[in-house]
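# With the input below, show me the fold.
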Amino acid sequence: MPDAEKSKSCTCGRDHQGHLCVLHSKGLHSEIAHLTDKPTVVCFNCGRKANRETNVCNPMPLEEK
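Numbering: from 1, shown residues only. Okay, here's the model as predicted:
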């Protein structure tokens with residue numbers, strides 16, 4: 001698989017149909033907006049922020065400022 005294609009797909013090995021990386025690769029940007037409007041976690045792999053840890057591959061809590 002070419003490197004460009006790898007960056008578009010989820011590699012965490014879990015059920016990732018609702019992960020932001022998969023939604024982004026499918027062009028489902030309106031779905032992403034609903035899942036990222038009040039982020040609590042960030043993906044350690046891709047840096048995307050999400051409301052719930054189930055929507056990213058490798059969740060880490062967001063630091064509060």
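# What are the boundaries of the helices in this protein?
Ranges of helices within the chain are 3-6, 20-25, 29-35, based on DSSP state H.
# Pull the contacting residues for the residue nearest the centre of the chain.
Central residue of the chain (CA atoms, centre = their mean): residue 20, 3.1 Å from the mean position. By CB atoms under 8 Å, 6 or more residues apart in numbering, the contact list for residue 20 reads 32, 35, 36, 43, 46, 48, 50, 55, 56. C-beta coordinates here come from the backbone N, C-alpha and C atoms, glycine included.
# Show the contacting residues for the fourth one.
With contact taken as CB under 8 Å, 6+ apart, residue 43 is in contact with 20, 21, 49, 50, 56, 57, 58, 59, 60.
# Nearest residue to the third one in space, ignoring adjacent ones along the chain?
On the basis of CB to CB, 6 or more residues apart in numbering, the spatially nearest residue to residue 49 that is not a chain neighbour turns out to be residue 39, at 3.7 Å.
# Hmm, residue 62 and the one you found touching each other?
Yes: using CB atoms under 8 Å, residue 39 makes contact with residue 62 at a distance of 6.0 Å.
# which residues do the two both contact?
residue 49.
# Which residue of the two possesses the greater neighbour count?
Higher neighbour count among residue 39 and residue 62: residue 39, with 15 against 12, using other CB atoms under 10 Å.
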